[in-house]
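*Asks:* I'd like to go over a predicted model; first the sequence, then the structure.
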Amino acid sequence: MTQFTHLDKGKIKQSFGAAASSYDQLAGLQRQVGRDLLSLFPPVETDGWVMDLGCGTGFLTRQLLEINQQQALLAVDIALPMLTAARQKNSLDSQIAYLCADAENLALTAGSMQQIYSNLALQWCENLPAVFRRCRCLLQSDGQLVFATFGPKTLQELKAAWAQVDSYDHVNQFYTQADVVGFLAEAGFTDVRAESRMYQHQYRTVLELMHELKGIGAHNVSLGRKRKPTTRSQLQQMMESYRQTMLDDKVLASYEIILVRAR
């Protein structure tokens, strides 16, 4: 099983709160994955509540509502500025309720949810097995948990480039598909479908990639990260190493996405 350093939850909340104003301009991958997730595992038509866990600025929430305009939705996020942005964008949709809460500490009634959706948010949970157990408790007996999360090959080019500079963790670590499926089975889910897909995005420069990561709040939040500021020479060394992987004068960044439905 994949081993991890602990996550800095305060840093996670701060990073995503600071990114609320710039998130929508830069979150193309998140929108693409969200659409693919709904296409692969569409919501079941039901009168029960559907949760968007880690809703960010509410893109997936809006997609869920478009599929079923009568659906009762609960949008949940750890960062209040993100939740505020989601409420402003969806101000006319009275079916949506909002809750500022940590996915690892959901104080909701057992069996209160029919479906839980989450798009690229659960990778920021330190104790993922406990999150799955809590989701299993919140779901009704015929409910489903549907989510997309990052796999360990995410940003492998950036990780390799930084490895030429020092031995610190500059890129967050992520669970494998086997880890995720195992955690779900331990939590009591018996019908699990999962698949891994590789997405590649192109950037003009390494700095453009890093600007996007900062703009969506996807900082390195492991407690094993380097605490001292990166020097100009270290940054230049990393970028030179990264440029050696360029294709047709474009910087490529890979994102491994694990898409899952568990019942």
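*Replies:* Right, received. Where do you want to start?
*Asks:* wait, a strand at Ala194?
*Replies:* Yes: judged by DSSP: H, G, I helix; E, B strand; the rest coil, Ala194 forms part of a strand.
*Asks:* name whatever forms a beta bridge with the residue nearest to it when sequence neighbours are not counted.
*Replies:* Once flanking residues are discounted, Ala194 sits nearest to Val260: 4.5 Å by Cβ to Cβ, 6 or more residues apart in numbering. Every residue, glycine included, has its C-beta placed from N, CA and C. With DSSP bridges as the criterion, Val260 is bridged to Phe147, Ala194.
*Asks:* ok, now how distant is Val260 from Leu64?
*Replies:* 17 Å (Cβ to Cβ, to the nearest Å).
*Asks:* over to Ser91?
*Replies:* Distance, Ser91 to Leu64, by Cβ to Cβ: 17 Å.
*Asks:* repeat for Ala75
*Replies:* Going from Ala75 to Leu64 by Cβ to Cβ gives 9 Å.
*Asks:* what residues do those two have in common as contacts?
*Replies:* Common neighbours of Ala75 and Leu64, counting by Cβ atoms under 8 Å, 6 or more residues apart in numbering, are Asp52.
*Asks:* these two: who's more crowded?
*Replies:* Ala75 (28 against 25; other Cβ atoms under 10 Å).
*Asks:* what's the closest non-adjacent residue to the more buried one?
*Replies:* Of all residues beyond its chain neighbours, the one nearest Ala75 is Cys55 (4.0 Å), with distances taken as Cβ to Cβ, 6+ apart.
*Asks:* do you know the pLDDT at that neighbour?
*Replies:* Note on Cys55: pLDDT of 95.
*Asks:* try Arg134
*Replies:* The predicted local confidence for Arg134 is 97.
*Asks:* just the strands in the chain please.
*Replies:* Assigned by DSSP state E, the strands in the chain fall at 50-53, 73-77, 96-100, 113-119, 139-150, 192-203, 251-262.
*Asks:* show me what the last one is packed up against.
*Replies:* The one in question is strand 251-262. If contacts are counted by 3 or more Cβ pairs under 8 Å, 6 or more residues apart in numbering; DSSP states H and E, strand 251-262 sits against helix 28-40, strand 139-150, helix 156-163, helix 177-187, strand 192-203, helix 206-215.
*Asks:* distance to Cys125 for the strands of the chain - can I get that in CSV?
*Replies:* What follows is these, written out as CSV (distance: least, Cβ to Cβ, whole Å):
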stretch, distance to Cys125
strand 50-53, 10
strand 73-77, 13
strand 96-100, 16
strand 113-119, 10
strand 139-150, 9
strand 192-203, 17
strand 251-262, 14
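*Asks:* right, so these: which one is the most enclosed?
*Replies:* Stretch with highest mean neighbour count among the strands of the chain: strand 50-53 (a mean of 28; mean count of other Cβ atoms under 10 Å).
*Asks:* so what does that one touch, helix or strand wise?
*Replies:* helix 59-67, strand 73-77, strand 113-119.
*Asks:* in the longest one, what counts as buried?
*Replies:* Of the residues in helix 59-67, those buried under the neighbour-count criterion (16 or more other Cβ atoms under 10 Å) are Phe59, Leu60, Thr61, Arg62, Gln63, Leu64, Leu65.
*Asks:* is it correct that the second one is in contact with Gly34?
*Replies:* What it means is Leu60. Yes: if you go by Cβ atoms under 8 Å, Leu60 and Gly34 touch, sitting 4.7 Å apart.
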